[in-house]
Structure formats: structure tokens, C-alpha cells
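*Asks:* Any chance you can model this:
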Amino acid sequence: AIYACFVTFVGLLIHIFATGYMHGDKGFYRFFAYLNLFMFAMLTLVLADNYLLMFVGWEGVGLCSYLLIGYYIKRDEARTAAKKAFVMNRIGDWGVLMGMFLIFTLTGSLSFFDKNVDGVEVQSVFSYVIAHMSADPFTWGAIVAGGLTSVGVLLFIGATGKSAQIPLLTWLPDAMAGPTPVSALIHAATMVTAGVYLVVRSNAIYQFAPTAMWIIAVIGAATALFAATIAIAQNDIKKVLAYSTVSQLGFMFLAAGVGAFVVAIFHVMTHAFF
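*Replies:* Numbers count the residues shown, from 1 in each chain. Take a look at the predicted model:
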């Protein structure tokens, strides 16, 4: 609900700003088609009730990011940056896909909620994990603890791609080659926080995978420090904004990694506004 509110609200402000910013641009209609498609994909991502539909939105924001970073087709810088963002995000998407396959193998479900389909009870991923871990933590835990840790790490690989954490962080500063409203909406406020959303959404899995949470916390802390240090030496204001965003995302992952999921989402929201 928080994501739906701030994505639409910040999106509205940026759409209004962009009408003035892009006024007189030859690709005005193309730009707004991409921007609206992005909003659609981002809302699909956060409103999905299962991993599969969420992944459709996840790919959608990746596509729109690519189209918008490379919006100025004739500039070499924009073309290279778009390609770089696309390839790095595909590496992350491999992690999400593998994580989804493994979740389905372990639990037989990809749903976030328990459902009743034609009289058949479909258990959600999370209630399945919690029920099994509570009922028989030793045998089920021993068999699946490795599996849950793997799921956690694979999903986090996807999150590092989308949210520009170490080692997949270099695409975000380059992404500033797109028009400024794009940098504001996608690469500072909304799309890059999708990785945090994925980790927090899967918190029931992470709570049984402390090793995966430890990895998230360490990488988040390292990114927060590393990116902020790089930002000190930048002289282009948009690059400073980019590295500052990467650093703030690191703090969000640090919070998620130590189990403070509510705090992570709170920081996502405050960051979207500032």
C-alpha cells in the first residue's frame, strides 16, 4: 500500500514537471508513452499477489528503464548507458528467475496469499514455509535451510541488479544520461527501490535464512559506505545524486538484513520524497 501511494504520488509530480521539461522536444509523445508504461509496470510489480506476476512488472520496469535511459538515441553516451543498464539488470533477473524456480520446487506455490481456487486450497509460499518450519524445524529445516538460504541469496542477486548494490552498481550513475525527469522518477525514487520491495516482501523466507540476511546486511553496509565515498569526488550534480541514491539503498538493505523490515520500507518512502 505504501509503495502504491508513493509511486503514484511521486509519479504524478514528475509527470507534471516533465510536461514543462520536455516541452518542444521532438520525441514528446514517445517520452510520455514510455513514462506511462513505466508507471503501469511499477504498479504491476508492487500490486502483484504472486512472484510470477511480480516478475512481469519487474521485467517491465527494466524495459522502460532501458528505453528511457537511451531516450536521446543520437548520443553515444545514452546508447552505451542504456545497454549497460539492460545487461546488468539481466544478470539480476537470472537470480530472480532461479529463486522463483527454487521456491516452486520447495513449496509448490508462487503465491503471496492463501487462496481457494474452485474449492481447492492453495497455500502461499510463506504460510507453507512457516508451517513446516514450526511443525518440524529439525528435519525440514535441515533439508530446506540450504534451500531457503539459496532462495534468499538468489532473490538478493536480483535485488542487487535492480537496486544497484555491489557488485552491480555501476549502471546507475551512467543511467543519468537520460532526461532529468527519468533520473528523478526511475533511478532515484521508484524503480531502484524494487529490490528492497522484493526482499521485504519475502521476509518470511529470510527470517528462516539468517545467512542470507547476513549477506544482505554486509553488502548493504559496504555499498552505503562505498557509494557515498565515490560521491564525494564527483563534480556532476546528477552523478552525485546517483551515488547518493546507491548509498541510501545500501542503508535500506542494511535495515532489511538485520530484520528491521518496517524501517527499510520507511526509509524507502522518505528517500522517494527527498
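*Asks:* so where is the stretch 151-274 of the chain shaky, pLDDT-wise?
*Replies:* For the stretch 151-274 of the chain, no stretch has pLDDT under 70.
*Asks:* Show me where it has its helices.
*Replies:* 171-174, 180-184, 194-201, 203-206, 210-232, 237-257, 261-273 (DSSP state H, counting those that start in this stretch).
*Asks:* will you turn those into a markdown table that also has distance to Phe113 and mean neighbour count?
*Replies:* For glycine as for every other residue, the C-beta is placed from the backbone atoms N, C-alpha and C. Below are the helices of the stretch 151-274 of the chain laid out as a markdown table (distance: least, CB to CB, whole Å; neighbours: other CB atoms under 10 Å):
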| stretch | distance to Phe113 | mean neighbour count |
| --- | --- | --- |
| helix 171-174 | 33 | 24 |
| helix 180-184 | 33 | 21 |
| helix 194-201 | 12 | 24 |
| helix 203-206 | 12 | 20 |
| helix 210-232 | 23 | 18 |
| helix 237-257 | 21 | 22 |
| helix 261-273 | 18 | 17 |
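*Asks:* quick one, strands of this structure?
*Replies:* For the chain, the strands defined by DSSP state E cover 115-117, 120-122.
*Asks:* Please produce CSV containing those, extended by mean neighbour count, distance to Leu37 and mean pLDDT.
*Replies:* Formatted as CSV, the strands of the chain follow (neighbours: other CB atoms under 10 Å; distance: least, CB to CB, whole Å; pLDDT from 0 to 100):
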stretch, mean neighbour count, distance to Leu37, mean pLDDT
strand 115-117, 10, 29, 76
strand 120-122, 10, 31, 77
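*Asks:* Redo the ones you listed as CSV? Include distance to Val96.
*Replies:* Formatted as CSV, the strands of the chain follow (distance: least, CB to CB, whole Å):
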stretch, distance to Val96
strand 115-117, 22
strand 120-122, 22
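*Asks:* Between those, which one is closest to Pro181.
*Replies:* Proximity to Pro181 (CB to CB) singles out strand 115-117 among those, at 38.7 Å.
*Asks:* Which other helices and strands does the closest one contact?
*Replies:* strand 120-122 (3 or more CB pairs under 8 Å, 6 or more residues apart in numbering; DSSP states H and E).
*Asks:* Any idea which of the helices of the stretch 151-274 of the chain gets closest to Gln165?
*Replies:* helix 210-232 (4.7 Å).
*Asks:* for the nearest residue to Val199 once chain neighbours are set aside, what are its contacts?
*Replies:* Residue nearest to Val199 in three dimensions, not counting chain neighbours: Ala256, with 4.8 Å by CB to CB, 6 or more residues apart in numbering. Contact partners of Ala256, counting by CB atoms under 8 Å, 6 or more residues apart in numbering, are Val196, Val199, Val200, Asn203, Tyr206, Met213, Ile216, Ala217, Gly220, Ala264.
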